[in-house]
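In: what's the 3D shape of this:
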Amino acid sequence: MTTTPHSLTLFGSVDLRGSGEAGARLLVQSKVVALLAYLSVPTVGRFVRRDTIVGLLWPELDQARARKALRQAVLAVRAELGADALIGRGDEELALSADHVWCDVAAFTHATDNGLLMQALKLYGGDLMPGFFLADCAAFGQWLEDERASARERAAAASWALAQHLETENQLSDAAGMARRSVKFSWTDERALRRALTMLDRLGDRAGAARLYDEFSVRLQKELDVAPSDETVRLIARIRAGA
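Out: All right, here's what the predicted structure looks like:
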């Protein structure tokens with residue numbers, strides 16, 4: 001965490017903390033929350049065209065009214081977080097100031113990009129903005145789902161890379177735990193499951209492999225109404241048999 005005045009949490013929940021009641025007043029305005037999220041994910045400080053923002057957040061309005069709604073949202077953010085919290089580049093671009101707002105997703109992205117894998121996993125507190133929904137904003141909903149999936153993939157990749165590193169360091173129990181964790185970020189990826197099962201078998205944790213397979217199978221059936229592939233079934237059968 002940096003010393004920026006305000007911190008925006010989007011993993012596992014949506015929260016905004018800083019001075020006084022600013023966060024509470026903004027969090028009850030769903031379009032303002034969506035604006036802050038869009039300007040924070042995956043990084044804070046990037047400039048975005050106003051046309052892009054109004055198309056995502058106010059698609060039901062004509063251009064003039066959508067622009068007015070955006071101006072009102074910008075004024076609300078600046079009133080609560082400071083005049084320099086949102087910065088412009090010309091008349092057509094907006095960015096959230098990294099000097100004013102810290103965001104867990106942006107910090108997570110930076111950590112994964114720079115190989116700070118354990119730090120990244122500490123920041124990943126769950127799905128991105130769980131349960132958040134904007135009616136009649138399909139494009140924003142698709143953007144949010146894509147970013148959720150991207151964050152999960154980053155967390156899974158970080159977990160697997162740590163599992164491999166811990167195995168080479170002969171920290172076998174920690175390696176097994178991280179291998180299991182990598183699968184829990186990607187419940188529908190059977191390749192991720194098979195590589196984790198193979199590692200757990202190699203580490204001698206066959207019971208852990210069996211539990212992981214059972215959890216995966218139940219969730220796959222529940223969420224996608226499918227069973228694991230024959231390849232995966234054969235692998236867990238060999239592991240259970242100790243072959």
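
In: can you give me the pLDDT of residue 5?
Out: We have a pLDDT of 87 for residue 5.

In: and residue 198, by the same measure?
Out: 98.

In: give me the contacts around stretch 151-170.
Out: 11, 105, 108-109, 112, 117-118, 120-121, 124, 127-128, 172, 174-176, 178-179, 181-183, 185-186, 189, 192, 195-196, 199, 203 (CB atoms under 8 Å, 6 or more residues apart in numbering). C-beta here means a position set from N, CA and C on the backbone, and glycine is covered the same way.

In: ok, then the element right after the longest helix along the chain?
Out: Longest helix in the chain, counting residues (DSSP state H): helix 138-168. Next helix or strand after helix 138-168 toward the C-terminus (DSSP states H and E): helix 172-184.

In: just the buried positions in the following helix or strand past that next one, please.
Out: Reading on from helix 172-184 to the C-terminus, the next helix or strand found by DSSP H and E is helix 190-202. Within helix 190-202, the residues scored as buried using 16 or more other CB atoms under 10 Å are 190, 192, 193, 194, 195, 196, 197, 199, 200, 201.

In: do stretch 95-114 as well
Out: 96-112.

In: show me where pLDDT drops low in this structure?
Out: 1-3, 19-20, 243 (pLDDT under 70).

In: how does it look with 80?
Out: 1-4, 19-22, 243 (pLDDT under 80).

In: so where do the helices sit in it?
Out: 22-27, 30-40, 50-57, 63-81, 104-113, 117-123, 138-168, 172-184, 190-202, 206-224, 230-240.

In: closest one to residue 16 among the ones you listed?
Out: Closest to residue 16 of the helices of the chain, according to CB to CB: helix 22-27, at 3.5 Å.

In: now residue 84. Nearest residue, chain neighbours left out?
Out: In this structure, residue 84 finds its nearest non-sequential neighbour in residue 97, 5.8 Å apart by CB to CB, 6 or more residues apart in numbering.

In: I'd say the one you found and residue 89 touch.
Out: No: in this structure, residue 97 is not within contact of residue 89 by CB atoms under 8 Å, at 11.9 Å.

In: before we move on, back to that, tell me the buried residues in the longest helix of the chain?
Out: Buried, per 16+ other CB under 10 Å, within helix 138-168: 140-141, 143-144, 147-148, 151-152, 154-160, 162-164, 166-167.

In: what angle do it and helix 50-57 make?
Out: 90 degrees (axes from the mean of the first three to the mean of the last three CA atoms, to 10 degrees).

In: what is the nearest of the buried residues of helix 190-202 to residue 30?
Out: residue 192 (33.9 Å).

In: if we can go back for a sec, now the buried residues of helix 190-202 in JSON lines, with distance to residue 209?
Out: Shown next, in JSON lines, are the buried residues of helix 190-202 (distance: CB to CB, whole Å):
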{"residue": "190", "distance to residue 209": "14"}
{"residue": "192", "distance to residue 209": "13"}
{"residue": "193", "distance to residue 209": "10"}
{"residue": "194", "distance to residue 209": "10"}
{"residue": "195", "distance to residue 209": "11"}
{"residue": "196", "distance to residue 209": "8"}
{"residue": "197", "distance to residue 209": "5"}
{"residue": "199", "distance to residue 209": "9"}
{"residue": "200", "distance to residue 209": "4"}
{"residue": "201", "distance to residue 209": "6"}
